[in-house]
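Student: pasted the sequence and its predicted model underneath.
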Amino acid sequence: MAMGKPNKWKTDNFLRAEQEPLKFSDDGKFRILHLTDIHEVMPEMDDDDNREIPENKDKETLNVIEKCIEEAKPDLVVFGGDNISGYWEEFNYDLIHKTITKIVEPIKRRNIPLALVFGNHDGEVGFYTDIQMIMYSDYDNCRSTLNDADVFGCGNCNLTIKSSDGKRNAFSIWLMDSNDYMSDDEGDSGYAYVHKDQIDWYEKRSRELADENGGKPVPAILFQHIPVQQEIHELQEVAGEGENVVEKDGKYYSFGEKLISGRLREYPCPPFMKQDHTAQFKSWKKMGDIKAAFFGHDHVNDFHIKVDGISLYQTIGCGYFTYGREHGGRLIVLDENNPENIETKTIEVERITTTEFGKNRDNDLEVILNEYDELLNKNQVKEAGEYLEEQILKAKERADAFTEMTLHNEVVSFHRRTGEQKKAVGAINEILELLEKFSLENSVLGANMYLNCATTLNFFHRTADSLPLFVRAFEAYINTIPQNDYRFAGFYNNYALALYESENYDEALRYFRKALNILSLYKGNDSEIAVIFCNLSHLFEKTSDEEMINNCLNSAFFALKDYDGEINNNFILHCQKCNEAFKHFKKDDFVKEIEAKLTK
């Protein structure tokens, strides 16, 4: 991973003055403005026939930035991710540079220090966030780095705030990349998470700061885009609709008395809930420095809750090229004399135009996927399939290629589920044409779709057709994500299954082992590891290696038996898969123990 400030020292033309340290004012206060989900684009990218719509969305977004700065009078501005709408296929290098320059300008004009994190959308179509960070660094008072250490993601860095007398580090600010998307070996996907090497870096740097502070943790706050899973854990089911109550899968949830302030108006969207990604928050508790964490991502939430003594804040969205209600930011005031006393305020900015904007493209997709999931949860499978096809036609009519591709990808998984090979292959062909049309073959999005298509073809025993798509997926991944990324584990496992079907057992073994090696780097993957061991047991059956069959089955069994995390749908599904293998190999005692674990 790239580290430090972008290389600008190769010629004197790029030399810049050393930045003044961030410092508490004489009154002992430090003011921060959190602006998240700006989602800006250039108006000319939007082909709406009514030109007032994109032009006035642009005016409204810039006005929100201006008015928030005027009210907050910040010592530091933090962009909270999804700073640009990076999923718009119209983006090119020049348009991204213009968009970033535009949203930085109100801050640059006032010479206010700027820091930032990235969201799941910033680099979605393939303009990498490290390139974008270099663009932000064109502003001399940008305090963010590509990375402070060689860790996953971009923009992981730590800033310190000096005391008012300038003699010590009175406060610390953590900026973390919560990354974008991930998928498991079943092809299910969700939002990504902060990786183990990022957490390890945070803990190492936190200890260094504490050592410099006489052994005491330096009080800190943290910014990242995607919230932690602990937000979901604090929700409680309630009887029905009401204020600060949200609906999910036909049930209603609220924070109840845990809601300290603000509004809960959409179900929080943390990392992929089929897996346990709670390690980051547990790390904060262990280190004892972080007093509060501030998130974006969920545009209409601005609640404040406290979990195990750490405040979790959501900040409303800033921009108009996305969904939202009120638009604004959050003022945060730190007190060097009382680090526990963090004052915050939601800033809402009134509109300055009267144009009716209507729905936004990413909100349409979110609504579509939620309604589709709801139909599946109600077991209305036929209606769910018809709904997807209807929405694909609408996406085609409005030339929304991103939504169309995403829905075709859902259709592939849907027909794999229903066993309709012909329809699945038709959707795969549509995806391949769209990826080529919009030159997305070498993007993460393209890799995810190639993998889903390849896995589906292999499911239908069209292994020869699947192998070239596995190769395409690998080529796209290898050019866009680190080789120890969690997504490679899913790729290697599914590719190994295809090699197994092709009777290429030596290569299948190699790739199953590669999948296990990657999963071993991450916590909470016991059930996925168990599934791979069961896959290996079938592989060794082909070579009549009884010792390895038993070793693999034992490893799978104890991975499931010793698992002490949440018994969720993902874990149940993996247990069912492993029990099929246990039954095949007549391990009836294993089956009974796993079934007993699921019924506890």
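Tutor: Structure's in. What do you need?

Student: low-confidence ranges, the stretch 201-350 of the chain, go.
Tutor: In the predicted model, the stretch 201-350 of the chain carries no residue with pLDDT under 70.

Student: just grab the bridge partners of Leu76 for me.
Tutor: On the basis of DSSP bridges, Leu76 is bridged to Ile32.

Student: the stretch 201-350 of the chain: helices as residue ranges?
Tutor: Under the criterion DSSP state H, counting those that start in this stretch, the stretch 201-350 of the chain contains helices at 230-233, 279-287.

Student: toward the C-terminus, what is the element adjacent to the lowest-mean-pLDDT helix or strand in the chain?
Tutor: Every helix and strand in the chain was compared by mean pLDDT, DSSP states H and E; the lowest is helix 361-377, with a mean of 73. Where DSSP states H and E defines the elements, the next helix or strand beyond helix 361-377 is helix 381-397.

Student: so what touches the least confident helix or strand of the chain?
Tutor: The contact list for helix 361-377 (Cβ atoms under 8 Å, 6 or more residues apart in numbering) reads 85, 87, 121, 249-250, 322-323, 381, 383-384, 387-388, 391, 400, 402-403, 406-407, 410. Bear in mind the C-beta positions are built from the backbone N, C-alpha and C, glycine included.

Student: buried subset of the residues you listed?
Tutor: Taking 16 or more other Cβ atoms under 10 Å as the criterion, what is buried in the contacts of helix 361-377 is 85, 87, 121, 322-323, 384, 387-388, 391, 400, 402-403, 406-407, 410.

Student: before we move on, back to that, taking helix 381-397 as reference, get the angle to the least confident helix or strand of the chain.
Tutor: Helix 361-377 runs at 170 degrees relative to helix 381-397, counting by axes from the mean of the first three to the mean of the last three Cα atoms, to 10 degrees.

Student: domains of this protein?
Tutor: 23-348, 359-480, 481-600 (automatic domain parsing).

Student: next secondary structure after the helix or strand harbouring Glu105?
Tutor: In this assignment (DSSP H and E), Glu105 forms part of helix 93-109. Following helix 93-109 in sequence order, the next helix or strand is strand 114-116 (DSSP H and E).

Student: so how far is that next one off the chain centroid?
Tutor: 19 Å (Cα atoms, centre = their mean, to the nearest Å).

Student: who are the packing partners of that strand?
Tutor: Applying 3 or more Cβ pairs under 8 Å, 6 or more residues apart in numbering; DSSP states H and E, we find strand 114-116 packed against strand 76-79, helix 93-109, helix 129-136, strand 169-175.

Student: single out the most deeply packed of those.
Tutor: Greatest average neighbour count among these goes to strand 76-79 (a mean of 28), per mean count of other Cβ atoms under 10 Å.

Student: who's in contact with Leu516?
Tutor: So Leu516 contacts 529, 532-533 (Cβ under 8 Å, 6+ apart).

Student: make TSV from the residues you listed and add pLDDT, distance to Lys306 and neighbour count to it.
Tutor: Converted to TSV, the contacts of Leu516 look like this (pLDDT from 0 to 100; distance: Cβ to Cβ, whole Å; neighbours: other Cβ atoms under 10 Å):
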residue	pLDDT	distance to Lys306	neighbour count
Ile529	94	35	21
Ile532	95	39	26
Phe533	96	41	23
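
Student: between those residues, which is nearest Asp37?
Tutor: When the contacts of Leu516 are compared for distance to Asp37 (Cβ to Cβ), Ile529 wins out at 35.8 Å.

Student: element containing the closest one, please.
Tutor: Per DSSP H and E, Ile529 falls inside helix 526-542.

Student: buried residues, that helix. List them.
Tutor: 526-541.

Student: ditto for stretch 339-353
Tutor: Neighbour-count burial for stretch 339-353 flags 339, 342, 344, 346-347, 349 (criterion: 16+ other Cβ under 10 Å).
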